[in-house]
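In: sequence unknown, structure follows:
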C-alpha cells in the first residue's frame, strides 16, 4: 500500500464528516475567514478534488459545518434544565464558547440558499428554537411567565440570549472576561428578562 493510500480516510467510509471535522479545526486554527476547501482537504488527508465530491465550494462546506453545529446546539439545550431560561442561556453560551468558529457560520445569511429553494441551514436552525420554546411554554404553564403567544416570548428570550452571548464573545469590552463572569452576566440577563415578562 502506498503512503498516500495509507493516509487517505476514504477507507473509513465517512469522508464527508471527516471533511467537516477538518473544516472546523482549520476554522479554529487560522480563523473562519482564512478557511479554504483546499486546506481542509489537506488536513483530512485527501486531494482537493476528492473534497469537491462532497462539497461544491467553500460556502457549501461552511453550510455543512453550520448545519451540524445546529444539531449539536440542540443537543446542548436539550440536556439543560428544561424549565429554566438561565440554564438554557448558560448552555447556549458554553456551546458558543467551545464552538466559536462554527457559531459564526451558523448565523451567516450568506450561507443561506436563495428564496424559493429549500434551505437546509434554515431548517437546521429550527430545532434549537423549538427546545427554547418548550421551556417558555413550561414557564408560562407554571405561572413564572405571563401568558400569551410563546413565539413572541421566544423572540425576546432568544434575542437576549444570543445578543449577550455575542457581546461576550466578540466585543472588545469583554475580551478578558472569565467564563465565570460571562455566565454570571447571562444569568443576570435572564433574571431581568424573567422579571420583565412575569405576570
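Out: It's in. All values reported here derive from a predicted model rather than from experimental measurement. Numbering: from 1, shown residues only.

In: Which strand or helix spans the closest residue to residue 54 other than its chain neighbours?
Out: Spatial nearest neighbour of residue 54, excluding adjacent residues (CB to CB, 6 or more residues apart in numbering): residue 16 at 4.6 Å. For the C-beta atoms, the positions are set from N, CA and C on the backbone; glycine is no exception. Taking DSSP states H and E as the criterion, residue 16 maps to helix 15-30.

In: and that helix, what other elements does it pack with?
Out: helix 37-44, helix 58-79, helix 100-106 (3 or more CB pairs under 8 Å, 6 or more residues apart in numbering; DSSP states H and E).

In: What lies in contact with it?
Out: Helix 15-30 is contacted from outside by 9, 12, 34-36, 39-41, 43-44, 46, 50-51, 53-55, 61-62, 64-65, 68, 99-102, 105, using CB atoms under 8 Å, 6 or more residues apart in numbering.

In: sorry, back to before: and among the helices and strands packed on helix 15-30, the most buried is which?
Out: Of all these, helix 100-106 has the most neighbours on average by mean count of other CB atoms under 10 Å, namely a mean of 22.

In: in the helix or strand just after it, what's buried?
Out: Sequence-wise, the next helix or strand downstream of helix 100-106 (DSSP H and E) is helix 120-124. Under the neighbour-count criterion of 16 or more other CB atoms under 10 Å, helix 120-124 has 120-121, 124 buried.

In: quick one: which of those residues is nearest to residue 110?
Out: Proximity of those to residue 110 (CB to CB) peaks at residue 121, which lies at 10.4 Å.

In: who's in contact with the closest one?
Out: Taking CB under 8 Å, 6+ apart, one finds 63, 66-67, 70, 111-113 in contact with residue 121.

In: Dump those residues into CSV; add distance to residue 27 and pLDDT as well.
Out: Listed next are those as CSV, based on distance: CB to CB, whole Å; pLDDT from 0 to 100:
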residue, distance to residue 27, pLDDT
63, 13, 94
66, 11, 95
67, 15, 96
70, 16, 97
111, 13, 92
112, 19, 93
113, 21, 92
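
In: Can you pick out the most distant pair from these?
Out: By the measure CB to CB, 70 and 113 form the most distant pair in the contacts of residue 121, at 14.9 Å.
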